[in-house]
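Trainee: heads up, no residue letters with this:
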């Protein structure tokens, strides 16, 4: 497996740029990176300049940041570690899906490639993590099937819940209380105007969801 010398800070930036850019095809604004990592814009500018010098990103002033080929591979290595660790913590240690994101954030910088591949083998080389996110393979290919966030679906659309954003433990706990889980069949019933809530049918149960919760749910629409 190709190696790129990185630090935890560099890995966090590369992973963040990858996640923010996935599915958009557009460079990521530095303001979005600063918001996601909760750091000052000046710190982002400094790090992005360093990553550009190292050939890991392309940065056009006022035009955003995108990963180079080597930067994308380095990001996918971190994503693979994170999602395999989440799967291990849930499947093997019995932790709740709302607990594992923060644990994986710490462990992803410490686990060795040898241990990681042993974990992958123990798990049967899973293709998705507990939140439905695709896990990059050992050769760093990834299946990014097209999905749509629930808040972007027109009223009357039906689909299947396939991914849930995992960064907010409180949101995951809230979805648990509502009985929402991966694989549920969803239909959008109504949307209140002016940023109002969505009313949806989830496996035949009517639920009301705010926009933030709806934006965290990714649906594979039915034809």
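Mentor: Received, thanks. Computed from a prediction, not measured in an experiment: that's the story for all the values here.

Trainee: my guess is residue 60 contacts residue 27. True?
Mentor: Yes: counting by C-beta atoms under 8 Å, residue 27 is a contact partner of residue 60 at 6.9 Å. Where you see a C-beta, it was placed from the backbone N, CA and C, and this is true even at glycine.

Trainee: what does the model give the residue with the largest distance to the centre of the chain for pLDDT?
Mentor: Centroid-distance maximum for the chain: residue 193 at 28.4 Å, with C-alpha atoms, centre = their mean. pLDDT recorded at residue 193 is 84.

Trainee: how much space between it and residue 155?
Mentor: 12 Å (C-beta to C-beta, to the nearest Å).

Trainee: swap in residue 99?
Mentor: 34 Å.

Trainee: looking at the two, which one has more neighbours?
Mentor: For residue 99 versus residue 155, neighbours defined as other C-beta atoms under 10 Å are more numerous around residue 99 (16 against 12).

Trainee: measure the closest residue to that one other than its chain neighbours to residue 15 for me?
Mentor: Closest residue in space to residue 99, ignoring its immediate chain neighbours: residue 169 at 6.7 Å, by C-beta to C-beta, 6 or more residues apart in numbering. Residue 169 sits 18 Å away from residue 15, taking C-beta to C-beta as the criterion.

Trainee: just residue 119 next, same as before
Mentor: Going from residue 119 to residue 15 by C-beta to C-beta gives 18 Å.

Trainee: what do you get for residue 66?
Mentor: Plainly put, residue 66 is 14 Å away from residue 15 if you go by C-beta to C-beta.

Trainee: neighbour count winner among the two?
Mentor: In terms of neighbours (other C-beta under 10 Å), residue 15 is the more surrounded of residue 66 and residue 15; the figures are 22 against 18.
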